[in-house]
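**Q** the following comprises the amino acid sequence and a computationally predicted model.
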Amino acid sequence: MHPFWSAAMTALTAFGAILLAVAGVAHAARPREHRAVLRAHRLLPPFVAAPAAGAEVLVGTATLASLLTEPAAVVPPAVAQTALYCAFAGYAAVLRTRRAGVPCGCFGTAAVSWAVVARAVALAAGSAGCVVLGAPAAAPDRGACVAAGVVLAMANHLIPAWREAGGRKSGRAFR
């Protein structure tokens, strides 16, 4: 298999790991908000908020640490990450179908969308691909892949924030 695919899957896996860790920390830091989102979803009981946040942090940091230190050890956390993203994709698809308009709970208060489902599917596929193909063994290649994952994670947050900020500006600010 071409090395590009291994690198691409590693970048997607790093991206997914960063998102999991950041989301888990955000959920753990604001447990009331996280439970309120689960109540709005009406699919899971709110008491799963704390264990879910802990799983996100644990799986995300374990996967990222494995990618950075020992790529041969990435299989168990990447399998767990694949399972989490498959569960998130299914959960988001059910939410989008049954309760369109409820907040996603991922980052911010945006409503669940098919883009959220697609992102979870892509990250599950990337993590599964990393399990099958393995992470690049050479440290410089692996570092570049993780850096690409960081850039993707930043873009995931900055582009929507930039669009939202642009929508709030009034024409008077430029007069």
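**A** All right, it came through fine.

**Q** can we go C-alpha only for contacts and neighbour counts from here?
**A** Noted.

**Q** residue closest to the middle of this protein?
**A** residue 19 (3.6 Å; CA atoms, centre = their mean).

**Q** ok, for that residue, nearest residue in space, not its chain neighbours?
**A** Excluding the flanking residues, the one nearest residue 19 by CA to CA, 6 or more residues apart in numbering is residue 153, at 6.5 Å.

**Q** wait, what's in contact with that neighbour?
**A** 15-16, 18-19 (CA atoms under 8 Å, 6 or more residues apart in numbering).

**Q** so which of these wins on neighbours?
**A** In terms of neighbours by other CA atoms under 10 Å, the contacts of residue 153 top out with residue 16 at 31 neighbours.

**Q** thought it was touching residue 62?
**A** No. Between residue 16 and residue 62 there is no contact under CA atoms under 8 Å: 11.8 Å.

**Q** can you tell me the element the residue nearest to the centre of the chain falls in?
**A** helix 3-29 (DSSP states H and E).

**Q** look up how far residue 40 lies from the residue nearest to the centre of the chain.
**A** Distance, residue 19 to residue 40, using CA to CA, to the nearest Å: 22 Å.

**Q** in the chain, which helix or strand is least confident?
**A** The helix or strand of the chain with the poorest confidence is helix 139-168; it has a mean of 65 (mean pLDDT, DSSP states H and E).

**Q** look up phi and psi at residue 74.
**A** Dihedral angles of residue 74 (phi, psi; degrees, to the nearest 10) stand at phi -80, psi -20.

**Q** count of neighbours near it?
**A** Neighbour number of residue 74 under other CA under 10 Å is 24.

**Q** which pLDDT does the model give it?
**A** Residue 74 carries a pLDDT score of 89 in this model.

**Q** equivalent analysis for the one 10 residues further on, please.
**A** The score at residue 84 is 97. That number is its pLDDT.

**Q** now it: which helix or strand?
**A** Following DSSP H and E, one finds residue 84 within helix 75-98.

**Q** quick one: list the elements packing against that helix.
**A** helix 3-29, helix 49-69, helix 114-133 (3 or more CA pairs under 8 Å, 6 or more residues apart in numbering; DSSP states H and E).

**Q** residue 144 is nearest to which of those?
**A** Nearest of those to residue 144, taken as CA to CA: helix 3-29 at 8.2 Å.

**Q** what's the offset of the closest one from the middle of its chain?
**A** 6 Å (CA atoms, centre = their mean, to the nearest Å).

**Q** check which element follows it along the chain.
**A** Downstream of helix 3-29 (by DSSP H and E), the next one is helix 31-41.

**Q** any buried residues in that following helix, and which?
**A** 31, 34-35, 37-38, 40-41 (16 or more other CA atoms under 10 Å).
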